[in-house]
Every structure is written in C-alpha cells, then in structure tokens.
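In: Here's a sequence, model it:
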Amino acid sequence: MDYLSYKTFVWPQNPHTYREVTTRTPEYYTQDGVTYFRGMSALKRVISGSGVFYGEDAYEQYKKLQELAADLEAGNLEHPIFGIRYCYFTGLELTQEPKEDCISYQFTFTQAS
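Out: Next up, the predicted model:
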C-alpha cells in the first residue's frame with residue numbers, strides 16, 4: 001500500500017483517520033437596505049486527519065511535519081486512493097504528551113483555489 005505524502009514528506013505509516021470536507025458559502029449583498037442572494041462561493045476543501053508516529057525517530061518525523069507547516073507555500077498532498085490535492089498546510093497539533101517513541105498528532109490542510 002502507498003503512503004500519504006505532502007511535498008517532500010512521506011508518512012512512515014498512514015494516519016489513522018483522513019477526512020475531507022467540501023463546502024460552499026452563500027454570498028449576499030445589500031442594496032437600499034434590502035439584502036439579496038448573490039450566489040455561492042467557490043468550493044472550499046479542508047482535509048484533516050490524525051495519527052501516531054512510532055519508533056525511535058517518532059520525534060524527528062513530527063519535527064519534519066512542523067517544518068512543512070511553517071512553510072507558507074502550498075504543495076501537493078497526495079493520498080494513495082484520492083489522488084493529489086494542491087493544499088496549504090494550515091494546522092498541526094500534538095494530541096497527547098509526547099513519549100520517547102510515540103507521538104500522537106492531528107493535521108489540517110486547506111485546498112488552494
């Protein structure tokens with residue numbers, strides 16, 4: 001099985017969860033005190049997931065993700081089944097006290113327009 005990847009990082013084991021939420025927002029405008037429906041915004045896709053890095057290099061794997069999260073440029077997030085999404089890395093969170101060989105995390109990506 002292939003692994004999830006973003007830019008230069010390949011997950012050593014796939015995250016436990018992977019979620020894509022695609023939404024549109026209604027847009028309105030006001031003229032002469034009356035609000036009118038203008039239409040719908042462009043689709044917005046937010047991708048999130050969670051997982052655990054295991055082993056002696058668990059902390060190093062997490063640090064590599066932190067470095068990518070600090071990068072302001074979008075890149076390719078490649079899922080082995082769903083394909084490539086061109087995204088910004090918009091969130092990374094530790095979800096428990098890090099242990100020497102086990103780090104739980106959550107991530108969020110927002111698809112670029």
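In: what number of residues lie near W11?
Out: Under the neighbour criterion other CB atoms under 10 Å, W11 is assigned a count of 16. C-beta: built from backbone N, CA, C; applies to glycine.
In: Strands of the chain, residue ranges please.
Out: Ranges of strands in the chain, per DSSP state E, are 5-6, 9-10, 17-23, 26-31, 34-40, 44-54, 75-79, 83-94, 102-111.
In: need the ones you listed in a markdown table with mean pLDDT, distance to Q61 and mean neighbour count, can you?
Out: Listed next are the strands of the chain as a markdown table, based on pLDDT from 0 to 100; distance: least, CB to CB, whole Å; neighbours: other CB atoms under 10 Å:
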| stretch | mean pLDDT | distance to Q61 | mean neighbour count |
| --- | --- | --- | --- |
| strand 5-6 | 97 | 12 | 18 |
| strand 9-10 | 96 | 8 | 15 |
| strand 17-23 | 96 | 17 | 11 |
| strand 26-31 | 95 | 41 | 9 |
| strand 34-40 | 94 | 39 | 9 |
| strand 44-54 | 96 | 4 | 17 |
| strand 75-79 | 97 | 16 | 17 |
| strand 83-94 | 96 | 12 | 15 |
| strand 102-111 | 97 | 8 | 19 |
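In: Skipping its backbone neighbours, what lies nearest P12 in space?
Out: Once flanking residues are discounted, P12 sits nearest to Q61: 6.1 Å by CB to CB, 6 or more residues apart in numbering.
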